[in-house]
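# dropping a prediction and its sequence here:
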Amino acid sequence: MRAYVIGNVTVDETISVSAMPEAGASILGHEETRDLGGKGANQAVVMGRAGLASILVAAVGDDFRAEIIRSQLAEEPVDARLVRLAGKASDFSIIFTTPDGENAIVTTTDSAGSLTLSEAIRPLAESTAGDLVVLQGNLSDDVTRGILEEARRRQLVTAFNPSPLRRFFADLWPLIDIAFLNKGEAESLTGTGGQAAASTLISAGVKYAILTLGGEGAMLASRAGTLKIPAAPVTAIDTTGAGDTFMGTALASCALRGVPLDARAIRHATTAAALTVSRRGTRSAFPTNAELHAILAA
């Protein structure tokens with residue numbers, strides 16, 4: 001099985017601050033890391049490190065950040081299909097992180113928003129039924145919907161993380177097999193939370209809904225019922241990329257075992273995400289190949 005991750009890639013600039021800035025305020029901070037990021041790249045890297053064949057489709061500009069992106073992706077077990085956009089700036093993120101591990105992220109989407117449907121789905125010509133198509137919220141409405149429809153036509157399994165939130169997401173649920181949402185995303189898109197939110201997603205056509213609940217763990221819902229999986233104990237230093245680690249690990253766990261999403265995959269994901277939040281940075285905070293292989297063997 002292969003995973004086709006179609007999304008964004010960025011250069012992440014993480015700035016440590018004592019508290020989040022308020023409107024009109026000027027505060028001091030210092031740069032912690034400059035790292036490869038973007039939800040699409042993050043998920044592709046985690047799945048690749050876990051041992052799942054991972055293809056990343058993303059757009060970059062023709063600037064210095066594109067060279068950083070290419071060089072760092074070359075260090076990862078990911079087949080990067082980068083679409084170069086002349087005259088565009090590569091996307092980047094500014095991440096503010098506080099001493100308690102919380103973060104706020106601002107991401108540009110000039111390149112991601114310019115990816116066309118034909119460019120996005122071109123690698124799917126190599127796919128076989130049952131392969132994964134993994135999406136996030138950085139692409140345009142038409143491109144996101146078009147990818148999901150093409151995946152359905154090719155009998156591929158679709159996994160979706162609706163982040164950053166966009167208004168059109170609520171219309172996509174019938175095209176999505178697996179949805180990963182945090183508490184805020186679930187409430188925004190369903191108008192409710194917890195098991196009620198998961199039930200709403202299943203009723204809308206999603207086959208598996210996974211809600212990440214921070215220190216409360218995670219919830220896995222399907223038509224067969226709902227399971228609650230506790231969080232792995234950890235002291236959080238930086239939560240950047242934790243959700244992407246969780247999603248990538250869960251998908252890799254079930255794909256490599258050839259089974260539908262299950263409680264074991266969610267336990268693997270919570271363990272991997274706990275490692276990520278215990279470290280600073282984005283790619284540099286993800287579990288290593290060896291760490292992921294050990295987690296998936298448990």
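Nice, thanks for sending it over.

# excluding its backbone neighbours, what's nearest residue 60?
Nearest non-adjacent residue to residue 60, counting by Cβ to Cβ, 6 or more residues apart in numbering: residue 66, 4.2 Å away. Yep, even glycine has a C-beta here, placed from its N, CA and C like the rest.

# that's a strand at that neighbour, yeah?
No: judged by DSSP: H, G, I helix; E, B strand; the rest coil, residue 66 forms no part of a strand; its state is helix.

# run a quick neighbour tally on it.
22 (other Cβ atoms under 10 Å).

# which residues touch stretch 167-179?
Contacts to stretch 167-179, defined as Cβ atoms under 8 Å, 6 or more residues apart in numbering, come from residues 137, 141, 144-145, 148-149, 151-152, 157-162, 189, 201, 204-210, 251, 261.

# looking at those, which are in helices?
Judged by DSSP state H, helices contain the following of these: 141, 144, 145, 148, 149, 151, 152, 189, 201, 251.

# start to end distance for stretch 213-233?
Stretch 213-233 has an end-to-end distance of 13 Å (Cα to Cα, to the nearest Å).

# list of residues touching that stretch?
182-183, 194-195, 198-199, 201-202, 207-212, 246, 261-263, 266-267, 269-271, 273-274.

# show me what counts as buried in that stretch.
213, 217, 218, 219, 220, 221, 222, 228, 229, 231, 232 (16 or more other Cβ atoms under 10 Å).

# for burial, what's the neighbour tally of residue 61?
Neighbour tally, residue 61, other Cβ under 10 Å: 20.

# and it, what does it touch?
Neighbouring residues of residue 61 by Cβ under 8 Å, 6+ apart: 84, 85, 87, 88, 89, 90, 110, 111.

# now residue 39
Contacts of residue 39 by Cβ under 8 Å, 6+ apart are 7, 8, 136, 137, 138, 161, 163, 244.

# drop anything exposed from those residues.
Buried subset of the contacts of residue 39 (neighbour count, 16+ other Cβ under 10 Å): 7, 8, 136, 137, 138, 161, 163, 244.

# which of those residues lies closest to residue 278?
Using Cβ to Cβ, residue 244 comes nearest to residue 278 of those, at 15.5 Å.

# surely the closest one and residue 44 touch.
No: counting by Cβ atoms under 8 Å, residue 44 is not a contact partner of residue 244; they are 9.3 Å apart.
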